[in-house]
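J.: Kindly return the folded structure for what I paste below:
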Amino acid sequence: MRSACMSVYKFRQFLFLVTLGIVMACASMASMAQASVPVLSVPDFTEVVAKTEGSVVNIRTTETVPVRPSPFGPGGGSDPYEMFRWFFGPDFAPPGMQPSPRRNAPAPSQEEQERTVPRGVGSGFIISEDGYILTNNHVVEGANGIFVTMTDGKEYTAEIIGTDPRTDIALIKIDAKGLSPLPIGDSKQLKKGQWVLAIGSPFGLDSTVTSGIVSAINRETGDYLPFIQTDVAVNPGNSGGPLINLAGEVVGINSQIISQSGGFMGISLAIPIDEVMRVVEQLKDHGKVTRGRIGVQIGQVSSDVAKAIGLGDARGAMVSSVEPGGPAADAGVRSGDVITKFDDKEIKHWTDLPRIVGATKPGNRSEIEVWRKGKSHSLKVKVGEMPSSTDTVAATAPESKGTAADSLGLTVADVPATLRERAGIKGGVQVSQVQGPSAVAGIAPGDIILTINNEDIENAAQFAKVVKGLDKKRAAAVLIWRDGQTQWVPVTPAK
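T.: Residues are numbered from 1 along each chain as shown. Below is the predicted model of the structure:
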């Protein structure tokens with residue numbers, strides 16, 4: 001019995017030691033795992049701010065506004081009824097009296113007709129030792145006086161070297177030497193989640209620092225600019241100030257906020273510094289920006305259209321219209337083509353094309369790759385200079401009798417010769433009535449159908465044959481012409 005008790009006791013000792021060993025091993029492993037996980041903390045921005053804030057400036061502007069002469073000014077008390085005429089008009093007169101001949105009086109002096117008033121406050125930053133400063137165009141646009149105040153309180157009068165309203169960039173200069181410019185960074189190296197700072201003058205509070213992270217890269221807003229989106233607090237007065245990384249380099253210019261209240265709501269947009277410096281070079285040399293153009297209007301390629309025309313992925317820029325006699329027309333680009341490359345640069349999103357073409361020097365011969373009827377074609381285009389305006393041709397109602405409605409829900413007719421000539425198109429059919437799938441897709445009476453999938457439409461009879469042979473299980477890509485532009489519309493035939 002005693003021997004059995006001893007055995008049980010030793011067994012319990014053994015179990016205790018094994019359990020203790022397991023617990024200690026687990027604790028050791030947990031400690032090692034915890035040690036391998038990096039401990040993150042909010043960075044200290046004091047050194048970055050100390051290095052950069054002296055190069056950020058406050059910009060205030062003035063403008064001249066017309067002022068109506070006051071009856072209480074010089075000479076205002078010579079006529080006891082002048083005060084009433086100031087309110088009720090120059091022909092006012094008390095009952096029984098003739099109007100005073102004020103219309104023949106000498107005109108007020110220029111000083112009495114205009115006065116200079118404060119226009120707005122913005123920010124900017126120094127980019128050279130000899131006084132060149134970058135800011136937004138909307139900060140200085142329309143100003144008759146630009147005043148730059150440094151962090152030490154010194155104030156200078158600035159002159160505009162050049163502006164570019166399209167990118168909202170302005171280059172100004174003050175008469176100063178030995179300034180400390182901010183180092184220019186590389187905005188292409190930015191990543192989501194990276195810490196950045198904004199320094200500026202929100203509501204006129206100069207040298208204000210705010211921080212946040214990069215929320216998105218290449219944010220499209222319809223302005224053909226790939227904005228940097230951040231959650232850095234930016235308010236009126238921050239415009240034109242720098243967006244700075246933790247190395248103290250400028251990676252963007254704070255330009256816009258997305259807000260429903262007019263104040264900061266967590267979304268700020270900055271112009272990438274790479275885009276800015278390309279503009280600055282031209283502003284310095286010429287005072288303006290010259291951009292390339294090829295004479296096309298473009299749109300987005302949807303995934304349905306991409307599949308229907310055999311492109312696969314939704315990429316490139318769909319050509320909606322080609323300017324007659326323009327660079328693209330001379331190169332052989334057609335409406336409905338999808339431009340996938342320009343000078344070996346991939347067009348991943350349709351808004352990439354205007355930036356790439358705009359940055360190309362006019363006169364340059366560039367290679368352009370287009371997707372047409374299931375194949376890639378290489379063309380050579382001589383880049384022109386961006387024009388100021390374009391003309392379009394309006395569609396008219398069809399003159400000839402239409403066909404019966406088909407599986408697309410369309411009634412069409414041959415395009416009148418006069419309209420073909422004015423629109424610069426060959427073949428096609430014009431829509432007279434729309435119902436069913438095409439009505440849902442957005443096709444309207446007066447539209448001209450040029451192509452279905454990869455087959456050009458010649459006339460109403462051939463159109464009917466093409467529609468009859470469509471696969472009713474998948475959407476057809478219909479290329480339409482409307483108001484001088486073309487676009488692909490996916491339409492699924494009715495079963």
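J.: Gln297: neighbouring residues, count only.
T.: 18 (other CB atoms under 10 Å). All C-beta spots, glycine's among them, are computed from the backbone N, C-alpha and C.
J.: now do the one 5 residues further on
T.: One way to gauge burial is a neighbour count; for Ser302, by other CB under 10 Å, it gives 16.
J.: nearest residue to it other than its sequence neighbours?
T.: Leaving aside its sequence neighbours, Ser302 sits nearest to Ala314 (CB to CB, 6 or more residues apart in numbering; 6.1 Å).
J.: so that neighbour touches Ala306, yeah?
T.: Yes: here Ala314 reaches Ala306: they are 4.5 Å apart, a contact under CB atoms under 8 Å.
J.: So for these two, which residue has more residues nearby?
T.: Legend: neighbour count by other CB under 10 Å for Ala314 and Ala306, higher for Ala306 (21 against 17).
J.: Wait, a helix at the residue nearest to Ser302?
T.: No: using DSSP: H, G, I helix; E, B strand; the rest coil, the secondary structure at Ala314 is coil, not a helix.
J.: dump the residue contacts of it.
T.: 300-303, 305-306 (CB atoms under 8 Å, 6 or more residues apart in numbering).
J.: any idea which of those residues is closest to Lys375?
T.: Closest approach between the contacts of Ala314 and Lys375, by CB to CB: Ala306, at 14.7 Å.
J.: buried set for the helix or strand hosting the closest one?
T.: For Ala306, the host element (DSSP states H and E) is helix 303-308. For helix 303-308, burial by neighbour count (16 or more other CB atoms under 10 Å) applies to 304-308.
J.: Pick the one among the residues you listed closest to Thr64.
T.: Closest approach between these and Thr64, by CB to CB: Val305, at 52.3 Å.
J.: The closest one reaches Leu479, doesn't it?
T.: No: Val305 is not in contact with Leu479 according to CB under 8 Å; the separation is 9.3 Å.
J.: Quick check: neighbours shared by these two?
T.: 488-489.
J.: re earlier: can I get the buried residues of helix 303-308 in JSON lines including pLDDT and distance to Ser438?
T.: Below are those laid out as JSON lines (pLDDT from 0 to 100; distance: CB to CB, whole Å):
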{"residue": "Asp304", "pLDDT": "85", "distance to Ser438": "14"}
{"residue": "Val305", "pLDDT": "86", "distance to Ser438": "15"}
{"residue": "Ala306", "pLDDT": "87", "distance to Ser438": "20"}
{"residue": "Lys307", "pLDDT": "86", "distance to Ser438": "19"}
{"residue": "Ala308", "pLDDT": "85", "distance to Ser438": "15"}
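J.: For Glu458, which non-adjacent residue is closest in space?
T.: Ranked by CB to CB, 6+ apart and with sequence neighbours excluded, the top spatial neighbour of Glu458 is Gly427, at 4.3 Å.
J.: now that neighbour, what's its secondary structure?
T.: Three-state assignment for Gly427 (three-state DSSP): coil.
J.: could the contacts of Ala314 go into CSV alongside distance to Pro118?
T.: Conversion of the contacts of Ala314 to CSV gives the following (distance: CB to CB, whole Å):
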residue, distance to Pro118
Gln300, 43
Val301, 48
Ser302, 49
Ser303, 51
Val305, 52
Ala306, 53
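J.: Any stretches of the protein with poor pLDDT?
T.: 1-21, 23, 25-40, 67-113, 221-224, 260-262, 387-405 (pLDDT under 70).
J.: What segments of it are helices?
T.: Assigned by DSSP state H, the helices in the chain fall at 2-36, 46-52, 82-88, 110-113, 137-140, 273-286, 303-308, 327-331, 352-358, 417-423, 436-441, 460-468.
J.: returning to what we had before: among the buried residues of helix 303-308, which one lies nearest to Asp456?
T.: Once CB to CB is applied, the member of the buried residues of helix 303-308 that ends up nearest Asp456 is Ala308, at 15.0 Å.
J.: Quick check: the closest one touching Pro490?
T.: Yes: between Ala308 and Pro490 there is a contact under CB under 8 Å: 6.1 Å.
J.: Need the residues touching each of the two.
T.: Residues touching both Ala308 and Pro490 by CB under 8 Å, 6+ apart: 475-477.
J.: just checking, which of the residues you listed belong to strands?
T.: Secondary structure assignment by DSSP state E places 476-477 of the shared contacts of Ala308 and Pro490 in strands.
J.: Show me the domain layout of the chain.
T.: When the chain is parsed with automatic domain parsing, its domains come out as 187-286, 292-385, 410-491.
J.: what's near enough to touch the nearest residue to Lys51 once chain neighbours are set aside?
T.: Closest residue in space to Lys51, ignoring its immediate chain neighbours: Gly248 at 4.6 Å, by CB to CB, 6+ apart. By CB under 8 Å, 6+ apart, the contact set of Gly248 is 48, 51-52, 182-183.
J.: Gly248 and Ser268: what is the separation?
T.: Using CB to CB, to the nearest Å, one obtains 20 Å as the distance from Gly248 to Ser268.
J.: cool, Ile443 as well?
T.: 40 Å.
J.: So if I had to pick from those two, which one is more boxed in?
T.: A count of neighbours by other CB under 10 Å puts Ser268 above the other of Ile443 and Ser268, at 29 against 21.
J.: ok now do the residue nearest to that one when sequence neighbours are not counted, which residues does it touch?
T.: Residue nearest to Ser268 in three dimensions, not counting chain neighbours: Val234, with 4.0 Å by CB to CB, 6+ apart. Residues near Val234 by CB under 8 Å, 6+ apart: 198, 200, 202, 210, 254, 257, 264, 268.
J.: Check Val322 too.
T.: 295-296, 328-329, 333-335.
J.: cool, and Pro43?
T.: Pro43 neighbours (CB under 8 Å, 6+ apart): 195, 246.
J.: quick one: it and Val49, what's the gap?
T.: Taking CB to CB, one finds Pro43 at 11 Å from Val49.
J.: Next: His377.
T.: Distance from His377 to Val49, counting by CB to CB: 54 Å.
J.: out of those two, which sits in the busier spot?
T.: Val49 (18 against 14).
J.: hang on, that one packs against Ala198?
T.: No: taking contacts as CB under 8 Å, Val49 lies outside contact range of Ala198: 11.0 Å.
J.: residues shared between the contacts of these two?
T.: Common neighbours of Val49 and Ala198 (CB under 8 Å, 6+ apart) are Val209.
J.: Would you mind measuring the gap between the ends of stretch 138-158?
T.: 15 Å (CA to CA, to the nearest Å).
J.: Could you check that stretch and say which residues are buried?
T.: 138-140, 143, 146-150, 156, 158.
J.: How far does it sit from its chain's centre?
T.: 27 Å (CA atoms, centre = their mean, to the nearest Å).
J.: Repeat that for stretch 420-436.
T.: Relative to the mean C-alpha coordinate of its chain, stretch 420-436 is positioned 33 Å out (CA atoms, centre = their mean).
J.: Give the buried residues for that stretch.
T.: 420, 423-425, 427-434, 436.
J.: Now the contacts of Val234 in TSV, please, with extra columns for distance to Arg119.
T.: Converted to TSV, those look like this (distance: CB to CB, whole Å):
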residue	distance to Arg119
Ala198	22
Gly200	17
Pro202	17
Thr210	24
Asn254	19
Ile257	20
Phe264	22
Ser268	23
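J.: Let me know the closest of those residues to Lys284.
T.: Asn254 (21.8 Å).
J.: isn't the closest one right next to Ile273, touching?
T.: No: applying CB under 8 Å as the test, Asn254 and Ile273 come out as separate, 11.4 Å apart.
J.: Next, the contact list for Phe45, please.
T.: 197, 209, 211, 246.
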